[in-house]
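**Student:** would you be able to build a 3D model of this:
(2 chains)
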Amino acid sequence: MITPMLHTILHPEGYHGHQARPPFFEGWYYKLVDKTEQHRYAIIPGVSLNPGGDGPHAFVQVLDGVSGRTAYHVYPLTDFWAADKGFYVRIGPNHFTAASLKLDLPEDASLALKGEVAFYDMVPWPGTPLAPNIMSWYAWVPRMECYHGVVSLDHGIHGTLNVNGQSLTFTEGRGYIEKDWGQSFPAAWIWTQTNHFKTPGVSLTASVAHIPWLGGAFRGFIVGLLRDGILYRFATYTGAIIEKLDIAPDRVIWTLRDRLYRLQLTAHRQPGADLQGPSRAAMDRRVPETLQATVNVTLTTLAGDRVLFAETGRNAGLEIVGDLATLTTE
Amino acid sequence: MTKPTFDIWQYQIALSERLMQWAGFNLSFGAPLSLRRDAFWQGFGMQCGGWGLINGALAWFGKRTAQRNAAEPRAHTPEQQNQERRRLAHLLWVNAALDVLYIAGGLTLAGTQRHKSRFGQGNGWGIAVQGAALLLFDLAHALPLTDLGEN
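**Tutor:** Residues are numbered from 1 along each chain as shown, chains lettered A, B, ... in the order given. Have a look, this model is predicted:
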């Protein structure tokens, strides 16, 4: 009992639900963008043990980031299998690992994706035993509402997917993988991610959420900016602070600061589509997401106001969900 | 698989602030202890206070150095970051070796003073406890740097 639990904390990419009881969900988020940036998909395999809605079930959710079409393919729980150790998940005929995904979604449904893509030159979030992944030591706190993990901040893609009969090559495209698990998505959050900058190898992942904590709640945030193989972290657990978080109908302006740097993010909102996310009862949360946003990123030193990085990320995932007043007021 | 590294200046700031917190705890804990009538606790408290002052000064210096270096034009190249990472890891490993000596020295002092001086015994235990805490601190910060440095 203890050893598998330790293993899942230290290796968050794998499945955490072998011993779990409801409410519990787990989902992996694969973002795929082809070389031309004309085709963008989010593929989300997962499982929900919650009794409401479709009841306990596995799923493969797909978002076509260009057309805005979505599909939610339901599979019985008996079709779900996950390795005890490591990241290997099978949902019906669909296979998911950190290094590849193989899809064979039903032909009678919209967004019937088939094919296999593999990933290379993956960039994981650097972990230590005390801080195994993006949540740092919070990963060791039991019974949090929602845990978050990054499997790969940036990687290359090789392979082809057949989408409703049309063959799309993703070779030389870029990808990103993250995941969530726990009881429910937060009451409110903003999330954005992009690894399409003018400079190759740059990746940004940023989220701020309403976090229940010891009977109360706080506004928790985690931001990672990867450039030149160096990861700049701004998070609640690093002692960084939010200087400004303005949410307007057309954009989100978010400024963070720590003892050394200031990071300014301006995410430009774009039309998207509704995904399904977990509540404690069921997969019944409406999660509007776009893969067409852009994010202006500026990193400066506090001493001397020297600009270390200033570029715009394209094909950005952007979610703005829930009671946003809990995020903008602290 | 390409494992990125944390920004070394942010890492150094975090390390310095944790050391500062440990120093603050020792000062606030050690000062009242050193005023107690029992000679053992006087000795133990003096060690806490003394190490707190030294660690506080080191933390302040480390933080100032990181702040100054982070503003340097070349401080954000992978080469400069790796060089600083190796330097910091080396420093922490040397300190960890010294911590073992502090523990051994403290325990030896406590042992030799056992039937002679409660003040001396308290000092010995104080040194050993500080050495043990710093050993954990140095190892916890050196290991991730060493791991990252190899990738």
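
**Student:** for chain B, which helix is longest?
**Tutor:** Assignment by DSSP state H gives helix B:78-112 as the longest helix of chain B.

**Student:** please enumerate the helices of the chain.
**Tutor:** Chain wasn't specified; assuming chain A. Counting by DSSP H, the helices of chain A are A:2-10, A:325-328.

**Student:** if you could check chain B rather than the one you did, that'd help
**Tutor:** Going by DSSP H, chain B shows helices at B:8-34, B:39-70, B:78-112, B:118-149.

**Student:** not counting sequence-adjacent ones, nearest residue to the most centrally placed residue in chain B?
**Tutor:** Central residue of chain B (C-alpha atoms, centre = their mean): residue B:134, 4.5 Å from the mean position. In space, residue B:134 comes closest to residue B:99 once its chain neighbours are excluded; the distance is 4.7 Å by C-beta to C-beta, 6 or more residues apart in numbering or on different chains. The way it works is simple: take the backbone N, C-alpha and C, and place the C-beta from them, glycine included.

**Student:** my read is that the one you found contacts residue B:129, right?
**Tutor:** No - using C-beta atoms under 8 Å, residue B:99 is not in contact with residue B:129, being 11.3 Å away.

**Student:** could you list the low-pLDDT ranges of the stretch 201-330 of chain A?
**Tutor:** A:330 (pLDDT under 70).

**Student:** which one of the residues in it is closest to chain B?
**Tutor:** Nearest to chain B in the stretch 201-330 of chain A, going by C-beta to the nearest C-beta, is residue A:303, at a distance of 3.8 Å.

**Student:** what's the neighbour count on the nearest residue to that residue once chain neighbours are set aside?
**Tutor:** Excluding its sequence neighbours, the residue lying closest to residue A:303 (C-beta to C-beta, 6+ apart) is residue B:71, at 3.8 Å. Per other C-beta atoms under 10 Å in any protein chain shown, the neighbour tally for residue B:71 reads 17.

**Student:** contacting residues for residue B:71?
**Tutor:** A:301, A:303, A:304, A:306 (C-beta atoms under 8 Å, 6 or more residues apart in numbering or on different chains).

**Student:** wait, isn't the first one in contact with residue B:70?
**Tutor:** Yes - contact status for residue A:301 versus residue B:70: in contact at 6.1 Å, counting by C-beta under 8 Å.

**Student:** between the two, which one's more packed in?
**Tutor:** residue B:70 (24 against 20).

**Student:** quick one: residues contacting the more buried one.
**Tutor:** Taking C-beta under 8 Å, 6+ apart as the test, what residue B:70 contacts is A:260, A:261, A:301, A:303, B:9.

**Student:** how about residue B:6?
**Tutor:** A:126, A:230, A:231, A:233, B:144, B:148.

**Student:** can I get those in CSV with neighbour count and distance to residue A:171?
**Tutor:** Below are the contacts of residue B:6 laid out as CSV (neighbours: other C-beta atoms under 10 Å in any protein chain shown; distance: C-beta to C-beta, whole Å):
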residue, neighbour count, distance to residue A:171
A:126, 20, 28
A:230, 20, 28
A:231, 22, 27
A:233, 22, 32
B:144, 20, 35
B:148, 20, 31
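
**Student:** now, which of those sits nearest residue B:38?
**Tutor:** residue B:144 (40.4 Å; C-beta to C-beta).

**Student:** my guess is that closest one contacts residue A:128, does it?
**Tutor:** Yes - here residue B:144 reaches residue A:128: they are 4.3 Å apart, a contact under C-beta under 8 Å.

**Student:** give me the common contacts of residue A:301 and residue B:70.
**Tutor:** A:260, A:261.

**Student:** quick one: buried residues of stretch A:13-20?
**Tutor:** Under the neighbour-count criterion of 16 or more other C-beta atoms under 10 Å in any protein chain shown, stretch A:13-20 has A:13, A:14, A:15, A:16, A:17, A:20 buried.

**Student:** likewise for stretch A:52-67?
**Tutor:** Here stretch A:52-67 shows A:53, A:54, A:56, A:57, A:58, A:59, A:60, A:61, A:62, A:63, A:64, A:65 as buried, counting by 16+ other C-beta under 10 Å.

**Student:** residues contacting the third one?
**Tutor:** Think residue A:56. Per C-beta under 8 Å, 6+ apart, neighbours of residue A:56: A:22, A:47, A:48, A:49, A:50, A:77.

**Student:** ok, residue B:50 - how many residues close by?
**Tutor:** Neighbours of residue B:50 using other C-beta under 10 Å come to 18.

**Student:** roughly how far does the closest residue to it other than its chain neighbours sit from chain A?
**Tutor:** Closest residue to residue B:50 apart from its sequence neighbours, by C-beta to C-beta, 6+ apart: residue B:30 at 7.7 Å. Counting by C-beta to the nearest C-beta, to the nearest Å, the gap from residue B:30 to chain A is 25 Å.

**Student:** just checking, residue B:30 touches residue B:43?
**Tutor:** No - at 10.6 Å, residue B:30 does not count as touching residue B:43 under the criterion of C-beta under 8 Å.

**Student:** interface residues of the stretch 1-150 of chain A facing chain B?
**Tutor:** Applying C-beta under 8 Å from any C-beta of the partner chain, one finds that the stretch 1-150 of chain A approaches chain B through A:121, A:122, A:123, A:124, A:126, A:128, A:130.

**Student:** which one of these is nearest chain B?
**Tutor:** For these, the nearest to chain B is residue A:128 (4.3 Å; C-beta to the nearest C-beta).

**Student:** list phi and psi for that closest one.
**Tutor:** phi -130, psi 160 (degrees, to the nearest 10).

**Student:** ok, the one 3 residues further on next?
**Tutor:** Summarising the backbone geometry of residue A:131 under the convention degrees, to the nearest 10, its torsions are phi -130, psi 80.

**Student:** my guess is residue B:114 meets residue B:121, correct?
**Tutor:** Yes - with contact defined as C-beta under 8 Å, residue B:114 reaches residue B:121; the gap is 5.9 Å.
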